[in-house]
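**Student:** this one's structure only:
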């Protein structure tokens, strides 16, 4: 086999792996959902099973707290008083569970 042929045999799998990695990361970025607005109704903390934080300096356009319930997700404004209060309740709930 020639030198060119052996280089192609080495480069072809490498290029395939690189293309797969590029495709894989683009799929992950496109499947990420962002909050585009906030709920107008406060949630009771007993309904909330967990939460996540969304920050505008990362992937999405607005800052939001994403509350997870059994049936749905709710986007809330992190500056609202009820959201801050709910986060404190959830934080204390986690502290009690870790003891």
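**Tutor:** Ah, there it is. The structure presented is a predicted model; accordingly, all values stated were derived computationally and were not measured.
**Student:** buried ones in stretch 53-69?
**Tutor:** Within stretch 53-69, the residues that count as buried by 16 or more other Cβ atoms under 10 Å are 54, 60, 63-67. C-betas here are computed from N, CA, C, even on glycine.
**Student:** closest one of the residues you listed to residue 37?
**Tutor:** residue 64 (8.7 Å; Cβ to Cβ).
**Student:** so can I have CSV of the buried residues of stretch 53-69 showing pLDDT?
**Tutor:** As requested, the buried residues of stretch 53-69 are exported to CSV (pLDDT from 0 to 100):
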residue, pLDDT
54, 95
60, 91
63, 96
64, 97
65, 96
66, 96
67, 96
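**Student:** filter the residues you listed down to just the ones in helices.
**Tutor:** Counting by DSSP state H, none of the members of those fall within helices.
**Student:** spit out the contact partners of residue 56.
**Tutor:** Going by Cβ atoms under 8 Å, 6 or more residues apart in numbering, residue 56 touches 62-63.
**Student:** what's the separation between it and residue 45?
**Tutor:** Computed with Cβ to Cβ, to the nearest Å, the distance linking residue 56 and residue 45 is 25 Å.
**Student:** now, the buried residues of stretch 53-69 that are in strands?
**Tutor:** 54, 64-67 (DSSP state E).
**Student:** any idea which of these is closest to residue 90?
**Tutor:** For these, the residue nearest residue 90 by Cβ to Cβ is residue 67; the value is 8.8 Å.
**Student:** can you show me the helices along this protein?
**Tutor:** For the chain, the helices defined by DSSP H occupy 3-30, 81-98.
**Student:** surely residue 48 touches residue 68?
**Tutor:** Yes. Residue 48 lies in contact with residue 68 (Cβ atoms under 8 Å); the separation is 6.9 Å.
**Student:** can you put the buried residues of stretch 53-69 in CSV and add distance to residue 93?
**Tutor:** Below are those laid out as CSV (distance: Cβ to Cβ, whole Å):
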residue, distance to residue 93
54, 21
60, 26
63, 23
64, 21
65, 15
66, 17
67, 13
